[in-house]
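Chemist: one predicted model, sequence on top.
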Amino acid sequence: MKEIAFQASTGFLLKALTASILASTLSGCLSSGGGSDDDEVAMPDPLAVTTTEGVVKGVTIEGMNGIRVFRGIPYAAPPVGALRFAPTEAAEKRSETLQLSSAFGNSCVQVDIATRSVAGNEDCLYLNVYAPSSGENLPVMVWVHGGAFVFGNGGGEYDPTRLVQEDVIVVTMNYRLGLLGFMAHPSLDSDGGNFGLMDQQQALRWVKENAAAFGGDPANVTLFGESAGGHSVMSHIVSPRAKAENLFQRAIVQSGSYAPFQSSKEAAQATGTKAATALSCSDADTAAACLRALPASSFLAVQGSQVIPNMDSSTDLLPKTIQASLAAGEFNKNLDVMIGSNQNEGTLFVALDELTNGKSLDTLGEAEYRSRVAALFAGSGLDADAIATKYLEYYPEGEDRLSLALSAIWTDSNFACNSYAQASTFSAAAMNTYQYWFRDEDAPWTLVPGASFPLGATHAGEIPYVLYPETVMKSRYTGTDANIDSLAGHMVGYWTQFAKDGNPNSTDGVAPNWGQTSLGQINTLDVPDPASGSVLNFLGYHRCSYWAAPPMVKAPI
């Protein structure tokens, strides 16, 4: 099955002394006869870690038992002044210990979705390391947050406690967002303007250089992310630069299969030129200096509600679109991959529109429904009206039919069927590939207030099961505690076991078996327990045969 050829328009100590070395050292001191207290070996401080830039001193936090926390480590130079709209540079070395705290580093510049005010700071390239109290050669999981590439951070929303308790190290990061992170312009000709992707790869280099100091294995790194974070993971899977530098060995793509059709460098630069003109930086000779002199908040007004990384055939960062790279077999085939989507991805986007407009789509009526379907496929060549009509046949009655029909179009066309196609491509390349289908319709709702229609297993609904504290999950869960405990326990087990050896199935056989995509299997993540089933059920539910050959607008004769 081919991918849908369109897209929506619209967050250890330096290798510890081994027991044998420590024992022999102490034995020597004790047997030396006249030793004093001053001769005793000083135990190393597990919270003081020497990185490539200098020593960082972490903290312990109440509630995160047995975990060393290092928040706000600068992994790159601040992208300010001349480094705005420039490739990411390594952080400067320090001679003094950097005393960290429970606070996170600055978020990158964005609009706060709760207050609609400007938030963040350009000096934002920080990461956070969560490590067990001890251990060596532990798997490392690097999380890339979502947020349409315009908002979000690797900070307080995410709590990796349950993952770390399974003997893995978790790293979360910030990266440049919006136009500050993804602006292509002739005067800023650098890797297609994908500064945010450059930031992510620099964070991965930092992890590769410093993982061992925290007790991690730099040759066992799992890159995982959701939504824009999942899309980023896909970008790095097809990035020749990431492959050449061996920046990660495993990948988990959560709801990141949308929009695999990046703009060309030329189209992206045309868009960037329009933005520069709107910011009164239209003169070609002075545009770069003009853009670097503007207040960071200026860019928020002209960047829109989302951005997508751009391809640039002249560079090895993202020389082709994700889809073109997959079709040509030009991607990192040395990876193990876990990939999946949620049953009701699209309900989030329809709910956000409802929140913005103050009225439900079903209140606004069918004409508005058709208008939104048309906007979704603008410029794609698809017959949006025929698609709108077809999906109303799936929802012939009910007070929420328009909202549910549009949500299903979002889900099927942009997420589900693309996810299956990408999983199939990886599997065909003889890669260990595991696909999941998240279906818990009582998933904790975290992004916006409730909508007028049922949200179900919506976009981002799976994140709390692996990256939220148990108390927060249960405070927002509409099902029974036993169900959420069971599913969350299984998912944490799957995610961490995959990070350990590329196979999500536990060695003790406690969790339901997860069959590979090559066997036609998909793991259904639902309460009370997951189950491995046939991918045919998934394809039927999401009408992927329809999207394999969707109706096109007929050209006039």
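Modeler: Looks like it arrived, so ask away.

Chemist: report the longest strand in the protein, please.
Modeler: Counting by DSSP state E, the longest strand found in the chain is strand 216-226.

Chemist: each with direction, which strands does that strand pair with?
Modeler: Strand pairing for strand 216-226, using DSSP bridges, gives strand 138-144 (parallel), strand 250-254 (parallel).

Chemist: can you give me the angle whichever helix or strand comes after that strand makes with strand 138-144?
Modeler: Sequence order places helix 228-237 as the next helix or strand after strand 216-226, per DSSP states H and E. Going by axes from the mean of the first three to the mean of the last three CA atoms, to 10 degrees, helix 228-237 is angled at 120 degrees with respect to strand 138-144.

Chemist: so who does the residue nearest to residue 461 when sequence neighbours are not counted touch?
Modeler: Closest residue to residue 461 apart from its sequence neighbours, by CB to CB, 6 or more residues apart in numbering: residue 443 at 3.5 Å. Every residue, glycine included, has its C-beta placed from N, CA and C. Contact analysis of residue 443 by CB atoms under 8 Å, 6 or more residues apart in numbering lists 456, 457, 458, 461, 462, 464, 465, 477.

Chemist: mind checking how far residue 389 is from residue 345?
Modeler: Here the criterion is CB to CB, to the nearest Å. By it, residue 389 lies 22 Å from residue 345.

Chemist: so which of those two has more stuff around it?
Modeler: Using other CB atoms under 10 Å as the criterion, residue 389 and residue 345 rank with residue 345 on top: 29 against 14.

Chemist: quick check: the more buried one touching residue 410?
Modeler: Yes. The pair residue 345 / residue 410 is scored as a contact, 6.3 Å apart, by CB atoms under 8 Å.

Chemist: neighbours of the residue nearest to residue 158 when sequence neighbours are not counted, how many?
Modeler: Nearest residue to residue 158 in three dimensions, chain neighbours excluded: residue 467, at 4.6 Å (CB to CB, 6+ apart). Residue 467 is flanked by 23 other residues according to other CB under 10 Å.

Chemist: for residue 314, same thing?
Modeler: 10.

Chemist: equivalent analysis for residue 482, please.
Modeler: Count around residue 482 with other CB under 10 Å applied: 10.

Chemist: find the nearest non-adjacent residue to it, please.
Modeler: Nearest to residue 482 is residue 528, by CB to CB, 6+ apart, at 7.0 Å.

Chemist: which residues sit in contact with residue 485?
Modeler: So residue 485 contacts residue 470 (CB under 8 Å, 6+ apart).

Chemist: after the helix or strand hosting it, which helix or strand is next?
Modeler: Using DSSP H and E, residue 485 falls within helix 481-501. Per DSSP H and E, the first helix or strand lying C-terminal to helix 481-501 is strand 521-525.

Chemist: need the residues that contact that next one.
Modeler: 340, 434-440, 462, 465, 487, 490-491, 494, 504, 512, 514-515, 530-535, 537-538.

Chemist: where in the protein is the helix or strand with the lowest mean pLDDT?
Modeler: Taking mean pLDDT, DSSP states H and E as the measure, the helix or strand of the chain with the lowest value is helix 19-31, at a mean of 30.

Chemist: from memory residue 227 sits against residue 255, does it?
Modeler: Yes. Counting by CB under 8 Å, residue 255 is a contact partner of residue 227 at 5.3 Å.

Chemist: between the longest strand of the chain and helix 481-501, how many degrees?
Modeler: 130 degrees.

Chemist: list the contacts of strand 216-226.
Modeler: 12, 131, 137-146, 169, 204, 207-209, 211-212, 231-233, 236, 247-256, 460, 462-463, 495, 498-500.

Chemist: so how do I select the buried members of the residues you listed in PyMOL?
Modeler: Buried residues among the contacts of strand 216-226 (16 or more other CB atoms under 10 Å), as a PyMOL selection:
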select buried, resi 12+131+138+139+140+141+142+143+144+145+146+169+204+207+208+211+212+231+232+233+236+247+248+249+250+251+252+253+254+255+256+460+462+463+495+498+499+500
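
Chemist: could you list the low-pLDDT ranges of this protein?
Modeler: 1-42, 446, 555-557 (pLDDT under 70).
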